[in-house]
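K.L.:
sharing a sequence plus its predicted fold:
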Amino acid sequence: MSPTLSHHDPELEPPIRPADRGYTARNTPVGGLLSMDGTTTLGWQERWHRFPWSLLLLLIITAMIGMVVLYSAIGGGGYSGPQEASNIQYLLRQAGRLGMGLMLLFVAAFAGSERVYRRYAYVAYGIALALLVAVFLAGSVSMGARRWLDLGFMRIQPSEFMKVTLVLALARYYHDRAVVVGFGWRDLGIPLLLVTLPLLLILKQPDLGTAIIIATVGMVVIIVAGLSWKMILLSICLLAAGVPVAWNALHDYQRQRIYTLFSPERDPLGSGYHIIQSKIAVGSGGFLGKGFMAGSQSHLDFLPERHTDFIFSVLAEEWGFVGCVTLIVLYVLITMRGLIIASMAHHRFGLLTAVGFISLFAFQVIINIGMVIGLLPVVGIPLPLISYGGSSLITLLFSMGLIAHVGIYSKHHGRTI
């Protein structure tokens, strides 16, 4: 796939010059922050005008649906979760994380610049990688996996931060390189290393779901950057040849999940229990669902992890086909809005950043929904903006802020709504 952007040499970038405060026209640079090309600035009013408000509206609507579904999933007052908190405590905690995430979204969109994000992309990647190493050495164990760092006042999941920093690091790498034809082997060494290092650490936790996301999003960014079709086909062949090696590297329970995908009835009370109960919940919802907080599978404790990985099953049981389609339409609209912003990106870094983050969002949706309806193995991926969790929600909204930043400084000069 040949790159569509023009030749770019970072060494020849025009010097940063201060804004001309004498101009006040709507599309004229005025006092403010650096634009995407580092040569002009936009005032706060202009940035506010160009902000993709439709994207923010879609995110908030989806998050509000998530709060409603979460309230029901945790039992409406009697749920005893990991910290035995009441539903109100869970809801307030999630609302606080949502508020923090929205604040970071605005900070990323308005108070940053592409040059700063690009300059510190490798530093952020290095910090995220160091946190993954810290998890390997001293992380807290929960449900048989070592994925979290306990800071005392909160727990963080560094693999969630790695998703963001990996996209930024890959975008920085390919932004600094201009090509006339597609990238070849010489341009794959460092990007593959950037993907492989966190991939191995995350597999060691073990966290197969996040590892799949990391690998997939990394390949998407590399392909969009300009990987030639010959290299794409060769890579597919190499991946196919590596399947037996990957299979042997899986843990026994991970292989069992794949067996269960094709025949969950083989072990209905063991490895197949999760997916069987999830499919019962989804199917029993019918067209309009059983009603808010009236789902028998979730409220009678048949459905496992109903506030995190299997929250879509709660939605399907209580709100039925209509509720599921509504949520999926919202996800599609968010994805389309992100791709439109990416298509109008002013620079290669903005293009790759927006594509990487929106593909990260979309793949998490596909894997989670495919998992709970029995089309994909159960790998433990949260449903974006719906599942209970802090690190995933905050990093997702921060990445959406970076997409909004690309939209503010896009080629389009009209309203982005």
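P.N.:
In hand now; what should we look at?

K.L.:
show me the helices in the stretch 1-150 of the chain, by range?
P.N.:
For the stretch 1-150 of the chain, helices defined by DSSP state H, counting those that start in this stretch occupy the ranges 44-50, 53-73, 87-110, 114-119, 121-138.

K.L.:
just those helices: most buried one?
P.N.:
helix 53-73 (a mean of 20; mean count of other C-beta atoms under 10 Å). Glycine gets a C-beta too; all of them are placed from N, C-alpha and C.

K.L.:
wait, which of the helices of the stretch 1-150 of the chain is closest to Ile386?
P.N.:
Ile386 lies closest to helix 53-73 among the helices of the stretch 1-150 of the chain, at 3.8 Å (C-beta to C-beta).

K.L.:
which elements pack onto that closest one?
P.N.:
helix 87-110, helix 311-343, helix 391-408 (3 or more C-beta pairs under 8 Å, 6 or more residues apart in numbering; DSSP states H and E).

K.L.:
what are the buried residues along the second one?
P.N.:
Yep, that's helix 311-343 we're talking about. Neighbour counts over helix 311-343 (16 or more other C-beta atoms under 10 Å) mark 311-320, 323-324, 327, 330-331, 333-335, 337-338, 340-342 as buried.

K.L.:
what packs against it?
P.N.:
Taking 3+ C-beta pairs under 8 Å, 6+ apart as the contact cut, helix 311-343 packs with helix 53-73, helix 273-284, helix 296-299, helix 348-372, helix 391-408.

K.L.:
that helix to helix 273-284, inter-axis angle?
P.N.:
80 degrees (axes from the mean of the first three to the mean of the last three C-alpha atoms, to 10 degrees).

K.L.:
chain center to helix 311-343: distance?
P.N.:
Computed by C-alpha atoms, centre = their mean, to the nearest Å, the separation of helix 311-343 from the middle of its chain amounts to 15 Å.

K.L.:
so for it, mean pLDDT?
P.N.:
Average pLDDT, helix 311-343: 95.

K.L.:
what's the angle between that helix and helix 348-372?
P.N.:
Angle, helix 311-343 to helix 348-372, by the same axes, to 10 degrees: 160 degrees.

K.L.:
can you check the last one too?
P.N.:
Helix 391-408 runs at 140 degrees relative to helix 348-372, counting by the same axes, to 10 degrees.

K.L.:
which other helices and strands contact helix 391-408?
P.N.:
helix 44-50, helix 53-73, helix 87-110, helix 114-119, helix 158-175, helix 311-343, helix 348-372.

K.L.:
helix 87-110 and that one, what's the angle between them?
P.N.:
Using the same axes, to 10 degrees: helix 391-408 against helix 87-110 is 30 degrees.

K.L.:
Ile258: neighbouring residues, count only.
P.N.:
15 (other C-beta atoms under 10 Å).

K.L.:
who's in contact with it?
P.N.:
Listed by C-beta atoms under 8 Å, 6 or more residues apart in numbering, the contact set of Ile258 reads Leu250, Pro377.

K.L.:
one more: Ala108?
P.N.:
Phe398, Gly401, Leu402, Ala404, His405 are the contacts of Ala108 under C-beta under 8 Å, 6+ apart.

K.L.:
would a markdown table of the helices and strands packed on helix 391-408 with distance to Leu385 be doable?
P.N.:
A markdown table is the format used below for the helices and strands packed on helix 391-408 (distance: least, C-beta to C-beta, whole Å):
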| stretch | distance to Leu385 |
| --- | --- |
| helix 44-50 | 24 |
| helix 53-73 | 5 |
| helix 87-110 | 9 |
| helix 114-119 | 23 |
| helix 158-175 | 14 |
| helix 311-343 | 9 |
| helix 348-372 | 9 |
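
K.L.:
lowest average confidence across these, which one?
P.N.:
Among those, helix 44-50 scores lowest, at a mean of 84.

K.L.:
and Leu227, its phi and psi?
P.N.:
phi -70, psi 130 (degrees, to the nearest 10).

K.L.:
how many other residues sit next to it?
P.N.:
25.

K.L.:
when you give positions from now on, start the count at 37
P.N.:
From this message on, residue numbering opens at 37, which makes the last subject Leu263.

K.L.:
quickly list what it is bridged to.
P.N.:
Phe219 (DSSP bridges).

K.L.:
would you reformat the helices and strands packed on helix 347-379 as CSV and include distance to Leu233?
P.N.:
Output for the helices and strands packed on helix 347-379, formatted as CSV (distance: least, C-beta to C-beta, whole Å):
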stretch, distance to Leu233
helix 89-109, 31
helix 309-320, 31
helix 332-335, 39
helix 384-408, 17
helix 427-444, 19
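
K.L.:
and Leu229, which of the ones you listed is closest to it?
P.N.:
Of all the helices and strands packed on helix 347-379, helix 384-408 comes closest under C-beta to C-beta, at 17.1 Å.

K.L.:
out of the helices and strands packed on helix 347-379, which comes closest to Leu187?
P.N.:
The nearest among these, by C-beta to C-beta, is helix 427-444 at 11.6 Å.

K.L.:
distance from the chain centre to that closest one, please.
P.N.:
With C-alpha atoms, centre = their mean, you get 9 Å for helix 427-444.

K.L.:
pLDDT of that helix, averaged?
P.N.:
According to the model, helix 427-444 has a mean pLDDT of 93.

K.L.:
could you export that helix as PDB, CA atoms only?
P.N.:
What follows is helix 427-444, C-alpha atoms only, in PDB (Å, rounded to 0.1, in the frame of the first residue of the first chain):
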ATOM      1  CA  SER A 427      -7.300   2.100  33.200                       C
ATOM      2  CA  SER A 428      -9.100   1.000  30.100                       C
ATOM      3  CA  LEU A 429     -11.700   3.800  30.300                       C
ATOM      4  CA  ILE A 430      -9.200   6.600  31.000                       C
ATOM      5  CA  THR A 431      -6.700   5.500  28.300                       C
ATOM      6  CA  LEU A 432      -9.500   5.200  25.800                       C
ATOM      7  CA  LEU A 433     -10.800   8.700  26.400                       C
ATOM      8  CA  PHE A 434      -7.300  10.100  26.300                       C
ATOM      9  CA  SER A 435      -6.700   8.400  22.900                       C
ATOM     10  CA  MET A 436     -10.000   9.900  21.700                       C
ATOM     11  CA  GLY A 437      -8.700  13.300  22.800                       C
ATOM     12  CA  LEU A 438      -5.600  12.800  20.500                       C
ATOM     13  CA  ILE A 439      -8.000  12.000  17.700                       C
ATOM     14  CA  ALA A 440      -9.900  15.200  18.400                       C
ATOM     15  CA  HIS A 441      -6.600  17.100  18.300                       C
ATOM     16  CA  VAL A 442      -6.000  15.700  14.800                       C
ATOM     17  CA  GLY A 443      -9.500  16.900  13.900                       C
ATOM     18  CA  ILE A 444      -8.900  20.400  15.200                       C
END
